[in-house]
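Participant: I'll drop the sequence and a predicted model, then ask my questions.
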Amino acid sequence: MAISNDLLSSTLFSIRDGEVDELFRKVAFLDNAKQKGGVEYEDGGIKIQRPLALSEHSTITQFATGYEPMSLAVNDVMKPAIYDWCDWAAPIVLTRKEEMENKGEKAIVKIMEARMKSVMGMLRREMNKQILAGSSTVLTDLNTLNGAVAGGFFEAENVAGGNQNNTVGGISKLTYQDTTGWQNQVANIAAAFGTNGILGMQQASIKASSVAPMGAIDCVLLSESAMANYRRALFAQERYVDEKQLDAGRMQLAFGGAVVEQDTYLGFDYTSTDFAKTAPVSGYMINFDAIKLVIHRDCDFAVSPFEKISGTVARAAEVYCKMQLVADHLGSNAILFDGDTY
């Protein structure tokens, strides 16, 4: 007798809970976002709105005699950044043939577990690719930290003294300059990590902290080459933080109290028509009070009930997700540019 749709669905729901947990453990960005408060849940809405204070409300008038008129020119200090949701789904299919060849609940559960893990692993890799490099050909509506992509959060243009000109959440970075915190910090390591690497990271971190309305750099993500350079620069003075607990925790390098981890998707070439130099993006310094992954509460890798696929002898469920990467403040974050060479 075939296993009921309800039993198949309940099996997927139980597997899903463990796999969502793993989703946020095996990728450095997602892992740290989850731990540092960089993941938020919303209940709905056509778009995501994030209120930003990008201007001063009024101006100061100095009085020499006391008879001067006081300026009453005022501005609305709040301006919303507006983001579209990114929706996607992936199916999990079980055919009648597979059911007959793998009779018994345990055998079917193992098939579902393997397929759920495969789907979640695929989503994890694709999300990470898009968030860090903006190079996914599937999740193109998901925002990216790579400023060389239109709308990307972290730009490297001002390493050459120019302006950052992307539009993030509908708000131009060119219009609102550094004083508002809508332009990210940049560390130009200039292909000489041994000379400029630690210094550049320190300068970017200090600048980010100086303008941060809240929080600090929580996580430093480096390319594999930049991570090797960072280790080499520290040599015998490596600094660690304990990720879990003293007797069983995994020790990690740190920078200014922030965890430092490598990611294989970093190290791609930053190529922009607004910037003459092409060089690798060696890392990001991220403040998770300022950068958020917003997830719809009812579409957090939600699993649908199994239904028969019309015209086939197969049943399918779908893993559905609705989320978006948003920015509340860019100046408290930094991009590490051209640091893959020691």
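Facilitator: All right, it came through fine.
Participant: distance from the chain centre to stretch 71-85, please.
Facilitator: Distance of stretch 71-85 from the chain centroid (Cα atoms, centre = their mean, to the nearest Å) equals 25 Å.
Participant: what's the answer for stretch 171-183, then?
Facilitator: Its chain's average C-alpha position is 20 Å from that of stretch 171-183, according to Cα atoms, centre = their mean.
Participant: what of stretch 210-218?
Facilitator: Its chain's C-alpha centre lies 17 Å from the corresponding centre of stretch 210-218 when counted by Cα atoms, centre = their mean.
Participant: quick check: mean pLDDT across that stretch?
Facilitator: Model confidence over stretch 210-218, given as mean pLDDT, is 90.
Participant: residue boundaries of the helices in this structure?
Facilitator: Using DSSP state H, the helices of the chain run over residues 5-23, 28-35, 96-101, 105-133, 198-211, 224-234.
Participant: can you count the residues close to residue 334?
Facilitator: The number of residues packed near residue 334 is 26, by other Cβ atoms under 10 Å. C-beta: built from backbone N, CA, C; applies to glycine.
Participant: low-confidence ranges in the stretch 101-250 of the chain?
Facilitator: Scanning the stretch 101-250 of the chain with the threshold set as pLDDT under 70 gives 104-105, 157-162, 178-179, 236-250.
Participant: check the gap between residue 282 and residue 337 for me.
Facilitator: Distance from residue 282 to residue 337, counting by Cβ to Cβ, to the nearest Å: 7 Å.
Participant: what sits in contact with each of the two?
Facilitator: Shared between the contact lists of residue 282 and residue 337 (criterion: Cβ atoms under 8 Å, 6 or more residues apart in numbering) are residues residue 189.
Participant: these two: which is more packed in?
Facilitator: Between residue 282 and residue 337, counted using other Cβ under 10 Å, residue 282 has the larger neighbour count: 31 against 27.
Participant: averaged pLDDT, stretch 262-277. What do you get?
Facilitator: Averaging pLDDT along stretch 262-277 yields 87.
Participant: in it, what's buried?
Facilitator: By neighbour count on 16 or more other Cβ atoms under 10 Å, the buried set for stretch 262-277 is 262, 263, 265, 266, 267, 268, 270, 272, 275.
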